[in-house]
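Q: this one's structure only:
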């Protein structure tokens, strides 16, 4: 268990044991106390008539004492994105509360994205009171927010669980429609447990009359916290398999001349980042990240060899990984975006080990597809055992000298327009250790593949599901997470420095994507979340233009006066914010030089004008793959 | 068939026959030509990699010649709302195009609302190319925008139809996932036919490689248009039943002393407004609207007795309807909001006739629940026959003299703050015949129940599904509809006057609701849609405050500088728009007095400051019903 995880569990436990739980409390209060006991310090959402009775219980003294914050967003999709960001940052539950139908369906795309990228989002939906599920007269009523029966809706009753049916087992790993107050607490706890176990979203549907009903505190007393560590520690594993896997990996490591680790997304989701960093450091292993595993490892280390994304990687990374005779692919996630369109290719003699929460798989290149599969193991436990058992004196690595890929420096005329190439060469320099960088789906995102991040920078981007508009509300959730769990993403040694000069939240948005969810910028002002926002103004959907219709109106958007936006959204006197538009390299580079300097603004919004058809080289492969 | 409907069919037919259709055209072109032939002159949506190949075919000369417009919105939910508005206004297909997963799920809440309120929305989704549905290797790939399998997603293939499975037969009356190019045209035509037949949304999922494939034009040649009238005319009816129903209704009318018509929503959706107006005029019948049937009839007529919403109506309407011995409830929709929480109550001797597209039902109060039911009839045909067959010399109505309910005039101090009561008394006066009034779900909406609308005013409000944020993008769709079909909502006699002084699009928004979808205001500037926008600034969610948590932060929102919004959203020089904030009755009433005067602004945005807890009396019943 990492020190941060221990700290989180201690915090949660301290909150819970600070008051004596009486025998019976309202279910609403139970829910919020339970939520705090799962690590959530903030809840996102929008009020609606079917969830108000639940929301009221946030103000029970026992909940207030524990410091749970309500973060009201402008709409429900934004709430779901924010909850996703909160969980990506804190690795605890990101909770979103919506109301029946109108709210929950608006949030659905955000939940699907969390499902696709293994984010621990809990979606709580206030639904019709239990009367409507029990009493036939009420059950037959077409209630507002509910779609009527498809045929004969004047006679056929509606399906009060229609929205549950849509999401259950499709975008939710566990869904509970509460229909019995006696088992409601168990159902809630079960959904939360499953969310941690599977790192996927779950749903709880709460009838509007349930929050006021009394339930026993037994669960809270018997199981005072449900955390990732607590849930993981209860996963049954097969000791013989675990030993065999550990031994096999150590044996391969001792035999290997050029082993490598690929750090993939599930390491992050299961809280292994710190352990994996320690392991690669101890063994001095070459290491890579997958496209979705950025910033799990220390990318500033000389042993970090870049982002490996199959044949869509940069040439140096492809060449480096093909020399390796052993690949430990830790936290493996196989999808189109994370594998360069399924183009992972290793040397023909390479031993590949895939490590996943549910299995460990050994694939030997020579034996054409033959593999060993272990299902009774847990990849975190293997990591701990391999790391602890490793005898570095037995290692015989023979890594070649390599040079870090140096891009030819581009020296543009300072008065010339800003280009993606210029950004790619200068943007990495303005980040500092400990920053949190959030990048929207879009053309700029593709260039980030080849950035070398400073140590302890946390990178967040929805790089598989790719829903544009996600990043801005996501950043709100991340910023709230940074308030609730300061420095949670920092790996020990540097905490001292960072407390004096706190990490910055940097968000890079395309203009088209920003317009999708722009109203949520107001919430950074409302909840005092510091933000450095870059808006790439390239007059529309440049990713789409790269694929098709470069000059078509369907790829155009309206031009906005971005620099006046924060004034409208709440900074009436323009005292808390700074907004500026840059069109030339000269002006932007002056800003970049001063970017590190302290300033007294809550939000800085920087509009950067780019050419309509300027996009990074790295987007071309993706654009070619999209030519249907 | 109404004159307007005839006109629409003629237009569509003229478009189609203007060019010779060659033997084979690309499916994408087929789709857009078919769409035009269904009455859609505009398409709403957001481009995405899986729909670009479809969108390209909008630029085929044959489609361009027919005048199809692309209306790009800021996000997909807004596109769905706009398509809904377009259909509510034009009564043709409102088409929304989105991309796989990220786009379609964002739009889903808008589609559910259209389903709940019988709006003819066609949702076209660009999905993975057909290879991914046919070739096992491709089918097993986790493609971006697609959620992976719930378990073992590294091994189990994803379900490429997972989003289809969510919506099919739940919020869609007909859904086609195209998988065979040979039947694709039939599938498209079938979905569109069903949308008109059932007045509910349908879905077409188009693989990204299909739009470029060639298909036969046969369907376009054989069935040159698919319109509401064309589809309806093909509904098989039972002539004996139709005759019997007609005779029974005429018989009841001749017998009745005090008959009444309640005009309900389905009359509007099936294009009966004009015929129903003529019928009540010919027979000089007392008439009411249902809550969802506002502005179907001429509310300026002395025979219009108000909005009947069961026991939630105003006292005069309840008393008037209880005197009636025959109720023709035309286009009956039974749901909580449309029946005053199922509180319709008529006199004990009253004969009730419910007329619905799928059935006619006679219920006699005296015979405690006994009824006659006819399923082989169509309510539009019955209307035509009853109206034509009516011999007014046989009518023996004995209506009492009634007074129109006169509210006590409230004479506030001009310097006092603006109140909902003041608005309720003055707002109806600023509307003029032919205006289109769109009212957002919220506190203000409840007061509109008792407005008396001028003749030919069209009222649009999502009064059952009640999704806040819907009205603003809906208004965009309505405005585009008003461009495509000018004066479509006007009933003959006054067309002349209105062409000189065109109808205005008036939108009333609450501040909390407006923040949900505010970015779409930019599209009114982009597409030159004139708008009169009122923003009721009451500092948050007043409907929710009326139910619970009047002072809770969850009902608060950020304060915005509304009057600078249009400048940010594209009117950089503030030349096309006018924005003003009003806090006192004096200032607002001055504006109201000049409201009718011509002006040269595209958009006027009026922010009206109201007290946080000020809401119309009519909301109280709803708020009480929501106390769970």
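A: Received it, and whenever you're ready, just let me know what you need. Everything numeric in this text was worked out from a predicted model, so none of it was measured.
Q: Flag the shaky bits of chain A, pLDDT-wise.
A: A:1-21, A:367-369, A:403-407, A:492-499 (pLDDT under 70).
Q: How is it partitioned into domains?
A: With domains defined by automatic domain parsing, chain A comprises A:3-233, A:239-394, A:420-625.
Q: Select, out of these, the one closest to residue B:174.
A: domain A:3-233 (10.0 Å; C-beta to C-beta). From N, CA and C alone the C-beta is placed, and that goes for glycine too.
Q: quick one on the thing from earlier: need the domains of chain A in TSV with distance to chain B and mean neighbour count, can you?
A: Formatted as TSV, these follow (distance: least, C-beta to the nearest C-beta, whole Å; neighbours: other C-beta atoms under 10 Å in any protein chain shown):
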stretch	distance to chain B	mean neighbour count
domain A:3-233	4	22
domain A:239-394	4	20
domain A:420-625	4	21
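Q: Compare those and give me the one nearest residue B:462.
A: Closest approach to residue B:462 among the domains of chain A (C-beta to C-beta): domain A:3-233, 9.4 Å.
Q: On the three-state scheme, the residue most central in space within chain A is what?
A: Among the residues of chain A, the one closest to the centroid is residue A:88, at 3.2 Å (C-alpha atoms, centre = their mean). Three-state assignment for residue A:88 (DSSP: H, G, I helix; E, B strand; the rest coil): helix.
Q: Report the separation between residue A:164 and residue A:506.
A: 38 Å (C-beta to C-beta, to the nearest Å).
Q: I meant to write residue A:435 there.
A: Taking C-beta to C-beta, one finds residue A:435 at 6 Å from residue A:506.
Q: Spit out the contact partners of residue A:357.
A: Contacts for residue A:357 (C-beta atoms under 8 Å, 6 or more residues apart in numbering or on different chains) come out as A:199, A:266, A:270, A:378-380.
Q: Among those, which one lies nearest to residue A:187?
A: Of the contacts of residue A:357, the one sitting nearest to residue A:187 (C-beta to C-beta) turns out to be residue A:199, at 19.9 Å.
Q: you'd agree the closest one is up against residue A:268?
A: No. Look at residue A:199 against residue A:268 with C-beta atoms under 8 Å: they stay out of range, at 9.4 Å.
Q: measure the residue lying closest to residue A:596 once chain neighbours are set aside to residue A:591 for me?
A: Sequence neighbours aside, residue A:432 is the residue nearest to residue A:596 in space, at 6.5 Å (criterion: C-beta to C-beta, 6 or more residues apart in numbering or on different chains). Distance, residue A:432 to residue A:591, using C-beta to C-beta: 16 Å.
Q: Just after the strand or helix carrying residue A:319, pick out the following helix or strand.
A: Per DSSP states H and E, residue A:319 falls inside helix A:315-322. Remark: after helix A:315-322, the chain's next helix or strand is strand A:326-330, criterion DSSP H and E.
Q: one step back: nearest to residue B:623, of the domains of chain A?
A: domain A:3-233 (8.7 Å).
Q: In contact with the closest residue to the residue nearest to the centre of chain A other than its chain neighbours: list those residues for me.
A: Spatial nearest neighbour of residue A:88, chain neighbours left out: residue A:460 (5.3 Å); criterion: C-beta to C-beta, 6+ apart. Applying C-beta under 8 Å, 6+ apart to residue A:460 gives the contacts A:85, A:88-89, A:436-439, A:474, A:478.
Q: if you skip the residues just before and after it, what's nearest to residue A:305?
A: That would be residue A:320: by C-beta to C-beta, 6+ apart, it lies 4.8 Å from residue A:305.
Q: Look up the residues forming beta bridges with the nearest residue to residue A:538 once chain neighbours are set aside.
A: Once flanking residues are discounted, residue A:538 sits nearest to residue A:610: 4.2 Å by C-beta to C-beta, 6+ apart. Taking DSSP bridges as the rule, residue A:610 bridges to residue A:418.
Q: thinking residue A:610 is in contact with residue A:534, fair?
A: No. Contact criterion C-beta under 8 Å: residue A:610 and residue A:534 do not qualify, at 10.8 Å.
Q: Please name the residues that touch residue A:378.
A: Neighbours of residue A:378 in contact, by C-beta under 8 Å, 6+ apart: A:232, A:235, A:237, A:242, A:357.
Q: switch the cut-off to 6 Å
A: A:235, A:237 (C-beta atoms under 6 Å, 6 or more residues apart in numbering or on different chains).
Q: Quick one: end-to-end distance for stretch A:23-30.
A: Chord length of stretch A:23-30, first to last residue, is 11 Å (C-alpha to C-alpha, to the nearest Å).
Q: do the same with stretch A:512-532
A: OK, stretch A:512-532 end separation, C-alpha to C-alpha: 18 Å.
Q: residues in contact with it?
A: By C-beta under 6 Å, 6+ apart, stretch A:512-532 touches A:73-74, A:78, A:440, A:442, A:468-469, A:472-473, A:476, A:479, A:504-506, A:535, A:540-541, A:557, A:569-571, A:602-604, B:74-75, B:515, B:518-519, B:558.
Q: For residue A:81, which three-state class applies?
A: Applying three-state DSSP: residue A:81 is helix.
Q: sorry, that was for residue A:449
A: helix.
Q: Who are the contact partners of it?
A: A:307, A:618.
Q: for residue A:329, same thing?
A: A:262, A:354.
Q: tell me the two of the contacts of residue A:460 that are most distant?
A: Farthest pair in these, by C-beta to C-beta: A:89 and A:439, 14.4 Å.
Q: re the thing from before, inside strands: which ones of the contacts of residue A:357?
A: Among the contacts of residue A:357, DSSP state E puts none in strands.
Q: okay if I get the residues you listed as TSV plus distance to residue B:575?
A: Shown next, in TSV, are these (distance: C-beta to C-beta, whole Å):
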residue	distance to residue B:575
A:199	53
A:266	55
A:270	57
A:378	65
A:379	62
A:380	62
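Q: just curious, which of these is nearest to residue B:284?
A: When the contacts of residue A:357 are compared against residue B:284 (criterion: C-beta to C-beta), the nearest one is residue A:199, at 69.1 Å.
Q: wait, what's in contact with that closest one?
A: A:118, A:120, A:269.
Q: separation between the second one and residue A:83?
A: Here residue A:120 is placed at a distance of 9 Å from residue A:83 (C-beta to C-beta).
Q: quick one: what helix or strand has residue A:156 in it?
A: Judged by DSSP H and E, residue A:156 forms part of no helix or strand.
Q: Name the nearest residue to it, sequence neighbours excluded.
A: With C-beta to C-beta, 6+ apart, the residue lying closest to residue A:156 is residue A:149, at 3.8 Å.
Q: Tell me the secondary structure of residue A:532, please.
A: Classified using three-state DSSP, residue A:532 is strand.
Q: now that we're looking at it, how far away is residue A:506 from it?
A: 5 Å.
Q: List the beta-bridge partners for residue A:438.
A: residue A:460, residue A:507.
Q: Remind me what the one helix or strand residue A:473 maps to packs against, helices and strands.
A: Assigned by DSSP H and E, residue A:473 falls within helix A:471-484. Here helix A:471-484 touches helix A:76-90, strand A:436-439, going by 3 or more C-beta pairs under 6 Å, 6 or more residues apart in numbering or on different chains; DSSP states H and E.
Q: Next, the angle helix A:76-90 makes with that helix.
A: 50 degrees (axes from the mean of the first three to the mean of the last three C-alpha atoms, to 10 degrees).
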